[in-house]
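**Student:** show me how the following folds:
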Amino acid sequence: MHSYNLDDVCEQITDGKHGDCINEVDSGFYFLSAKDIVNGRIVYENARQITETDFLETHKRTRFEAFDILFTNSGTIGRMAIAPNVELTYRSTFQKSVAILKPRKSLVDPRFLYYLLLAENSRLADFASGTAQKNLLLKDLRNFRVSIPDRRTQCRIAEILSPYDDLIESNRRRIKILEEMAQALYREWFVLFRFPGDGTVELVDSSLGRIPQSWEWKKTTEAVSVNPRTSAPKETYKPHVPMDSLATDSMLIGKVGMRKGNNGSKFKNADTLFARITPCLENGKTAFVQFLSSDSDVAIGSTEFIVLRSKTVCPEYVYLMARSNEFRDNAIKSMSGATGRQRVQEECFEKFLIAQPDGETLRSFQEITKPMFQLIHNLAMRNANLRRTRDLLLPGLLSGEIAV
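**Tutor:** Alright, predicted model coming up:
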């Protein structure tokens, strides 16, 4: 085992561009920020796309390629991802909130270095400074001391830990497919009116176009409770969900803390959390609550959540509606307030009309989607357990306490 500065085991440690770039929708050139590094991977769904000219200029600095390690060094310190060997990697660069470590492959296995930094995350965060926003200086990252075993041991440790991440990624893909299937089903049935047996259902004229007979148009507020009154005792500790625990691309809720009091939004299982503030809403932060032990339990969360609770439609319908472009666009158009702190006006839900289906159609829809939502939750729990097990193994493997 030898001790090195990180700078010794990397060909380069730098950060991204210190200025801005010009946006260009669908350019295929990505300008990543700290928010795009999530749970060990790069999330491209809401990443900025920039002009090719700006990309080429910034790429001279970052030279991002397969097996490089990204490390968030501003705001939330220490979120990491190792670059996959895919074309998208070579069309990506990043902002100054992200540092890049290019492992010296003759000395260190990139996968081992990734796991080593994962284990050292809290120690690295201790070097960060700043009041409003924490920052880890590049010089502190470069001078950070690490212990590196021989190459065979490095590779063996990476081989032991990598299958955990492979399983996590496999489950993540299943979650993504399940969510896409549910969203497609919602759109087919309740936007396009193509549902089982629709060929035998008579469509009738309405002020908003043809609609299945026995269905009716309703204001969102008639079918859904918006910020329903929910009581919770002040003196007890309750699960607490901050805004950064909401995903932009799925129903999942990340870290849940515990907090005393009852300030903020209050919600139960089967409620939908809908971000009310910019840019969280535009980025897609929307979640479905199903982590509480009992359906009578109450959790609290950010004051910037709008809680949506089903009344005449099922909870799955409510979440999928909240994920739809039409619903989100309606909310975004209502936003008002100071630049950068605009919020949704709740009156907008009075204006958004939904197709209230008949009871039989709604029951059929829930029979299909409820098991899908439950499987998504179960897969997310499996991933949490896999991460926990991997992280428990890390110290023992790195110290040699667990033989490899």
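**Student:** next, K35: secondary structure please.
**Tutor:** helix (DSSP: H, G, I helix; E, B strand; the rest coil).
**Student:** what about it, neighbour count?
**Tutor:** Using other CB atoms under 10 Å, K35 has 20 neighbouring residues. Any C-beta I mention is one placed from the backbone N, CA and C, and that applies to glycine too.
**Student:** for it, give its distance to L141.
**Tutor:** 20 Å (CB to CB, to the nearest Å).
**Student:** with T220 instead?
**Tutor:** Applying CB to CB to T220 and L141 gives a distance of 48 Å.
**Student:** same check on V9?
**Tutor:** 12 Å.
**Student:** pairing partners for the helix or strand hosting F71, with directions?
**Tutor:** Taking DSSP states H and E as the criterion, F71 maps to strand 69-72. Using DSSP bridges, the strands paired with strand 69-72 are strand 80-82 (antiparallel), strand 98-103 (antiparallel).
**Student:** now tell me what touches that strand from outside.
**Tutor:** Strand 69-72 is contacted by residues 32, 34, 37, 42, 78-83, 94, 97-103, 110, 113-114, 117, 141 when judged by CB atoms under 8 Å, 6 or more residues apart in numbering.
**Student:** just the CA coordinates of that strand, formatted as CSV?
**Tutor:** Provided in CSV are the C-alpha atoms of strand 69-72 (Å, rounded to 0.1, in the frame of the first residue of the first chain):
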residue,chain,number,x,y,z
ILE,A,69,-14.4,10.5,-13.1
LEU,A,70,-16.7,13.5,-12.5
PHE,A,71,-16.9,14.9,-9.0
THR,A,72,-19.2,17.8,-7.9
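**Student:** figure out how far that strand is from the centre of its chain.
**Tutor:** Centroid separation for strand 69-72 versus its chain: 17 Å, with CA atoms, centre = their mean, to the nearest Å.
**Student:** averaged pLDDT, that strand. What do you get?
**Tutor:** The pLDDT scores in strand 69-72 average 96.
**Student:** next one: stretch 35-49
**Tutor:** Mean pLDDT, stretch 35-49: 91.
**Student:** measure the nearest residue to A380 once chain neighbours are set aside to C280 for me?
**Tutor:** With sequence-adjacent residues excluded and distances taken as CB to CB, 6 or more residues apart in numbering, A380 is closest to L252, at 5.2 Å. As judged by CB to CB, L252 and C280 stand 15 Å apart.
**Student:** got the contact list for the most centrally placed residue in the chain?
**Tutor:** Geometric centre of the chain, nearest residue: A247, 2.8 Å, by CA atoms, centre = their mean. Counting by CB under 8 Å, 6+ apart, A247 touches 38, 253-254, 284-285, 287.
**Student:** for the helix or strand containing T93, packing partners?
**Tutor:** Following DSSP H and E, one finds T93 within strand 92-94. Strand 92-94 is packed against strand 30-32, helix 52-62, with contacts defined by 3 or more CB pairs under 8 Å, 6 or more residues apart in numbering; DSSP states H and E.
**Student:** rewinding a little: by pLDDT, give me the weakest of the contacts of A247.
**Tutor:** Looking at the contacts of A247 by pLDDT, the weakest one is V38, with 88.
**Student:** kindly check the end-to-end length of stretch 337-347 for me.
**Tutor:** 15 Å (CA to CA, to the nearest Å).
**Student:** in the protein, which spans are helices?
**Tutor:** Using DSSP state H, the helices assigned to the chain run over residues 6-9, 52-62, 110-119, 121-125, 138-142, 151-190, 220-223, 280-283, 315-323, 325-333, 348-351, 359-399.
**Student:** now E120. Its backbone dihedrals?
**Tutor:** phi -90, psi 10 (degrees, to the nearest 10).
**Student:** from N283, how far out is the closest residue to it other than its chain neighbours?
**Tutor:** Among residues not flanking E120 along the chain, V146 sits closest, at 6.9 Å (CB to CB, 6+ apart). As for V146, its distance to N283 is 34 Å (criterion: CB to CB).
**Student:** give me the neighbour count for the nearest residue to N227 once chain neighbours are set aside.
**Tutor:** Spatial nearest neighbour of N227, excluding adjacent residues (CB to CB, 6+ apart): V307 at 5.3 Å. As a burial measure, V307 scores 20 neighbours (other CB under 10 Å).
**Student:** could you do I100 as well?
**Tutor:** When neighbours are defined as other CB under 10 Å, I100 has 23 of them.
**Student:** you'd agree it is up against D68?
**Tutor:** Yes. Counting by CB atoms under 8 Å, I100 does reach D68; the two are 5.5 Å apart.
**Student:** now do the lowest-mean-pLDDT helix or strand in the chain: which elements does it pack against?
**Tutor:** None of the helices or strands of the chain scores lower by mean pLDDT, DSSP states H and E than strand 203-204, at a mean of 84. If you count contacts as 3+ CB pairs under 8 Å, 6+ apart, strand 203-204 packs onto strand 211-212.
**Student:** just checking, what packs against the strand it packs on?
**Tutor:** Applying 3+ CB pairs under 8 Å, 6+ apart, one finds that strand 211-212 makes contact with strand 203-204.
**Student:** so what touches the strand it packs on?
**Tutor:** Strand 203-204 has contacts (CB under 8 Å, 6+ apart) with 193, 210-213.
**Student:** one more time with 6 Å, if that's ok
**Tutor:** 210, 213 (CB atoms under 6 Å, 6 or more residues apart in numbering).
**Student:** near the closest residue to L362 other than its chain neighbours, how many other residues are there?
**Tutor:** Excluding the flanking residues, the one nearest L362 by CB to CB, 6+ apart is C314, at 5.9 Å. By other CB under 10 Å, 18 other residues sit near C314.
**Student:** kind regards, and thank you for your time.
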